[in-house]
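> following is a predicted model, sequence given first.
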Amino acid sequence: MLFFCFSLCTFCVLSVPPAGKMSMTDLLKAEEIKKALEAFAAETFDPKKFFEMVGMKAMTAENVKKVFQVLDVDGSGFIEEEELKFVLKGFGKEGRDLTDAETRAFLKAADKDGDGKIGIDEFEVLVHE
């Protein structure tokens, strides 16, 4: 199954993960993901509330970092602003794109070192705040 996302500077294809790479449902319960995605379908996205709803706040740091690796579509070790806009699609194909304002707010909340991207440790800290 494939789905496509577009931005002004980026085109990415999100698909079933290649062999050896985990999918989100390997780490989180599908029904919790579905409920969280539905809750934020029209509501302003709140990453902390979303992570709690999908069960990430209760996960170990190691497992949160595995979720990060699934969301790091380009495998750079960071979630850049271009990837962040499509982060909900990383949880499920029903996920919507974040608005520009939601993307900026998410980045501001997580990017503790101010480099314009979210590293794996910054992501884990945000989830467990």
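Structure's in. What do you need? Numbering: from 1, shown residues only.
> what pLDDT is listed against A110?
We have a pLDDT of 97 for A110.
> what about it, neighbour count?
Neighbour count for A110, taken as other Cβ atoms under 10 Å: 21. Heads up, the C-betas are built off the backbone N, CA and C, glycines and all.
> would you check that it makes contact with D121?
No: counting by Cβ atoms under 8 Å, A110 sits too far from D121 to count as a contact (10.3 Å).
> okay, now the unreliable bits of this protein?
1-21 (pLDDT under 70).
> list the residues that contact the residue nearest the centre of it.
Geometric centre of the chain, nearest residue: V87, 3.7 Å, by Cα atoms, centre = their mean. V87 sits next to L71, I79, G95, L98, F106 when contact means Cβ atoms under 8 Å, 6 or more residues apart in numbering.
> I'd like to know how far it sits from V54.
To V54, V87 is 12 Å away according to Cβ to Cβ, to the nearest Å.
> ok, and what's touching the host helix or strand of I33?
Assigned by DSSP states H and E, I33 belongs to helix 30-39. The contact list for helix 30-39, computed with Cβ under 8 Å, 6+ apart, reads M24, T25, F50, M53, V54, G55, L88, F91, G92, E94, G95, R96.
> residues touching the fifth one, list them.
Residues counted as contacts of V54 (Cβ under 8 Å, 6+ apart) are L28, K29, E32, I33, A36, F91.
> and the strands in the protein?
2-6, 11-15, 78-80, 117-119 (DSSP state E).
> returning to what we had before: report the buried residues of the helix holding I33.
For helix 30-39, burial by neighbour count (16 or more other Cβ atoms under 10 Å) applies to I33, A36, L37.
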